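Novice: need a structure here:
(2 chains)
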Amino acid sequence: GQQLNQSPQSMFIQEGEDVSMNCTSSSIFNTWLWYKQDPGEGPVLLIALYKAGELTSNGRLTAQFGITRKDSFLNISASIPSDVGIYFCAGQLGGTYKYIFGTGTRLKVLA
Amino acid sequence: SQTIHQWPATLVQPVGSPLSLECTVEGTSNPNLYWYRQAAGRGLQLLFYSVGIGQISSEVPQNLSASRPQDRQFILSSKKLLLSDSGFYLCAWSDGQSYNSPLHFGNGTRLTVT
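Specialist: Residues are numbered from 1 along each chain as shown, chains lettered A, B, ... in the order given. A predicted model of the protein is given here:
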């Protein structure tokens, strides 16, 4: 099945550092979503983006809908231990109700 | 507020046995419903989605099927499980009144086929 290219695959960072991750695709998407998944649980929605170029924040999280509509970025500022988890992007294929997910970024924070 | 329920949370089944996973949504009408599968350490693969009762779109040819017998009920089934069917199964819903409504997930079912 289709999947988005998400990078980095995993990262270790020091508490207090900023984090950046991104998703890219050869397809154009109408909507970009970012999720966080804790072990053994379902993904939880962090940010939703609906327009090319849109920049949206949710606390320490900021995400952007790429101008080309083929990519999106998520930044986490001043990371804390509870930021540990797997972050997924998801894009809605144009003209459909289908959401395709990225391969995930596993974040580990060193206190 | 809307809630989504999935059960069971954990399931261990032998190869060749049938499967039925159920998902229900409360607090909304005519939602879009989705089944995803997540292999260990991997991303989410879309299996089926439904925009209305009796309407099922299948994304990946496989050993599974889905049904939507009621507006807010989505069922994932198999007649004979394979080892490769093991994984974490997630049900999700989105607002059927909005074209680009985000997905909201249940807590998943961990299926182990032995």
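Novice: wasn't B:Leu76 part of a strand?
Specialist: Yes: assessed with DSSP: H, G, I helix; E, B strand; the rest coil, B:Leu76 lies in a strand.
Novice: can you tell me how far it is from chain A?
Specialist: According to C-beta to the nearest C-beta, to the nearest Å, B:Leu76 stands 15 Å off from chain A. Heads up, the C-betas are built off the backbone N, CA and C, glycines and all.
Novice: correct me if wrong: that residue contacts B:Leu21.
Specialist: Yes: using C-beta atoms under 8 Å, B:Leu76 is in contact with B:Leu21, at 4.3 Å.
Novice: now the common contact residues for these two.
Specialist: B:89, B:91 (C-beta atoms under 8 Å, 6 or more residues apart in numbering or on different chains).
Novice: next up, the contacts around residue 111.
Specialist: Picking chain A for this. A:15, A:81.
Novice: ah, I was thinking of chain B
Specialist: B:11-13, B:19, B:21, B:85-89.
Novice: try A:Tyr97
Specialist: So A:Tyr97 contacts B:32, B:49, B:51, B:94, B:99 (C-beta under 8 Å, 6+ apart).
Novice: show me what from chain B comes close to chain A.
Specialist: B:32, B:34, B:36, B:42-46, B:49, B:51, B:57, B:59-60, B:90, B:92, B:94, B:99-100, B:102-108, B:110 (C-beta under 8 Å from any C-beta of the partner chain).
Novice: tally of neighbours for B:Leu103?
Specialist: 27 (other C-beta atoms under 10 Å in any protein chain shown).
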